[in-house]
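In: Mind looking at a prediction? Sequence and model below.
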Amino acid sequence: MMKRAGIRSGNGVTAMLLLPTTLWFLLLLVMPLVVILVFSFGERAPAGGYQAAFTFEQYLNLPARLKAFTNTLTLAPLGTLICVLMAYPLAYYLAVRAGERVKVMLLVLVIVPFWTSFLIRTYAWIYILGGRGIPQLLELVGIEDVRLINTPTAVLIGIVYGYLPLMIFPIYVSLEKLDKRLLEASGDLGASPWRTFLQVTLPLSAPGLVTGSLLVFILLMGEYLIPALLGGGKVFFVGNALVDLFLQSRNWPYGSAVAIGLVAIMMVAIAIYLAMVGRQQARDDVSLV
Amino acid sequence: MRLYAAAIYLFLYGPIALIVVFSFNAGRHAASFECCGTSWYGRTFNNQFLLEALYTSLLVAGTTAILATIMGTMAALALQRVRGPLRVVYDAMTYIAIIIPGIVIGIATLVALVTAFDAINPLLAALWPGGAKAAPQLGLGYASVIAAHTLFTMALVIVIVRARIQGMDRSLIEASADLYATPWRTFRQVTLPQIFPAVMAGFLLSFTFSFDDFIIAFFVAGSKTTLPIYIFSSIRRGITPETNVIATLVLGVSLTLLISAQLLMRRRAGAAGSN
């Protein structure tokens, strides 16, 4: 009897501890997502906002914003790939080559930009890519009429600049865990450095690569600031379309359909990616239980 | 290899350095740079709108960080005792809250809150004892930004603290219970010291996220202006040297916070080591 009472009071404590989180999940996650799901099947009220209806019209209209989707779906994976290619050598250097004492400082230097304002770091590139920045420097050496700001290149540079630290860190962590003796063993067995890299280092750092690229890709899918500041209305993402639909034209039902579309595409892309890299690795990496 | 590392660090820090240098512009326009003066700093400190935005951001980020840390830690502690389908539901919620893009959270919260307020406000007006005019009107503002920021940061704290709990030595908790410590005392003297670094990390991450967030606040802040919203709109209005000054100050503040956090952790680690 005593024991049962003990368990019951324990359950009471657990429920109390979970209460605020439960409230938050219901009111600020489930309810809002259900609301936009419902709205996405509705109609736009004449004055903007939502009018009850059941129609697939909004979804059928999605191709009207096709450009935003294709931009996002080309630049987000491309940006992620460039981040991987740029981050890997540095992570490798930090984990395998750098001396113990400089390493800590170099690592902190990777983290610092991540902790400083994303908006301000992106803003700096308006200067650098703008008319008085790199294009002016190029003119000095005879290359004229280069336009960088408001081009896909500018957005890509902004993406790489913003998300590189986030990619370096997970790759570094997985390379750091790698047993250095394996590299020596591979060398002793006559493998060339390149072969050692391909057959030992790269496979063992795969979890870090997967985590890093998922992290960056997920954040890029919902990106708004970089295209808004460096794409100048010419290169826009789904995020920019959403701001336009909700804050300017107040077309809530269509905006909801675009948002649902974005989340759906994102989930499919992540699923495809995880299937591609192999379920086993993904399971090791994601499972926290 | 070394050269490559140097190039990457130049890439990471060059633009930041540029902003800092440009903030000491003595000229009147952002487009031309005249070395060097602090006149724009004086103007910036007298900008009432900016100070108000800063105040809003500090208030929102502080409240968010406290709420998220407490609620997230509570949930992480509770979840280790939850098994079965209920656990799966909470895990799924936590990851969904993290994965759904901020912009989607922003618009969904905006639409849901506005719809809910539209339904509740007439009701409040009708039922209010002091008459319809005296009834409070629910609207977007501090509370909605804090609530929306807390969703994401709370999920983050849950993940961070739970990872730490899993690495914890459980026999200590059992030993404490065997020695007749109350659960509260066990929590204070055994569990909390062990998970403290994770709780602290969660707090700092939550504060930084909330202080830095533009897109969620942009949707749900109503008439309130946070610092990122202020900076964004001043960039849109046309860049002035003042924008560079604000940027430099923000960089300075976050650097100071980061360094003091590092020192604090190191000192704690040192104190723990000497005991």
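Out: Perfect, thanks for sending it.

In: Where does pLDDT dip in the chain?
Out: Because you didn't say which chain, this covers chain A. Within chain A, the segments meeting pLDDT under 70 span A:1-9, A:279-289.

In: Chain B, not that one
Out: Within chain B, the stretches with pLDDT under 70 are B:28-32, B:132, B:264-275.

In: repeat that with 50
Out: Scanning chain B with the threshold set as pLDDT under 50 gives B:273-275.

In: so B:L18 makes contact with A:Y127?
Out: Yes - B:L18 lies in contact with A:Y127 (Cβ atoms under 8 Å); the separation is 6.4 Å. Every residue, glycine included, has its C-beta placed from N, CA and C.

In: B:Y55 - how many residues pack around it?
Out: 12 (other Cβ atoms under 10 Å in any protein chain shown).

In: what's the answer for A:G278, then?
Out: What A:G278 shows, counting by other Cβ under 10 Å, is a neighbour count of 11.

In: Can you tell me how far it is from B:S233?
Out: As judged by Cβ to Cβ, to the nearest Å, A:G278 and B:S233 stand 46 Å apart.

In: ok, now B:F11?
Out: 28 Å.

In: cool, B:V104 as well?
Out: 22 Å.

In: Mind listing what's buried along the strand or helix carrying B:F211?
Out: Element membership of B:F211, judged by DSSP states H and E, is helix B:192-212. Buried residues in helix B:192-212, defined by neighbour count with 16 or more other Cβ atoms under 10 Å in any protein chain shown: B:195, B:198-212.

In: cool, stretch B:108-122 as well?
Out: B:108-115.

In: Domain map for chain B?
Out: Here the domain assignment for chain B is B:1-37+B:239-275, B:49-220, based on automatic domain parsing.

In: Now do the same contact list for the spatially closest residue to B:V20 that is not a sequence neighbour.
Out: Distance criterion Cβ to Cβ, 6 or more residues apart in numbering or on different chains; nearest residue to B:V20, sequence neighbours excluded, is B:T248 at 5.0 Å. By Cβ atoms under 8 Å, 6 or more residues apart in numbering or on different chains, B:T248 lies in contact with B:19-20, B:23.

In: Check what contacts the helix holding B:F211 and list those residues.
Out: Against helix B:192-212 from outside (Cβ under 8 Å, 6+ apart): A:115, A:117-119, B:57-58, B:60-62, B:64-66, B:68-69, B:72-73, B:149, B:152-154, B:156-157, B:160-161, B:163-165, B:168-169, B:172, B:227-228, B:254, B:257, B:261, B:265.

In: Show me those residues that map onto strands.
Out: Of those, none are assigned to strands by DSSP state E.

In: Just want the residue of the stretch 151-289 of chain A that's nearest chain B.
Out: Going by Cβ to the nearest Cβ, chain B is nearest to A:G222 of the stretch 151-289 of chain A, at 2.3 Å.

In: coming back round to it: so which of the buried residues of helix B:192-212 comes closest to B:F45?
Out: B:F211 (19.4 Å; Cβ to Cβ).

In: Against A:G208, how distant is the closest one?
Out: In terms of Cβ to Cβ, B:F211 sits 28 Å off from A:G208.

In: To A:N251, which of the domains of chain B lies closest?
Out: domain B:49-220 (11.6 Å).

In: Packing partners of whichever strand or helix holds A:P203?
Out: In this assignment (DSSP H and E), A:P203 forms part of helix A:202-204. Packing partners of helix A:202-204 (3 or more Cβ pairs under 8 Å, 6 or more residues apart in numbering or on different chains; DSSP states H and E): none among the helices and strands.

In: May I see the buried residues of that helix?
Out: Burial within helix A:202-204, assessed by neighbour count using 16+ other Cβ under 10 Å, is assigned to A:L204.

In: picking that back up, can I get the buried part of the contacts of helix B:192-212 as one PyMOL selection?
Out: Only the buried entries of those go into this PyMOL selection, using 16+ other Cβ under 10 Å:
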select buried, (chain A and resi 115+117+118+119) or (chain B and resi 57+58+60+61+64+65+68+69+72+73+149+152+153+154+156+157+160+161+164+165+227+228+254)
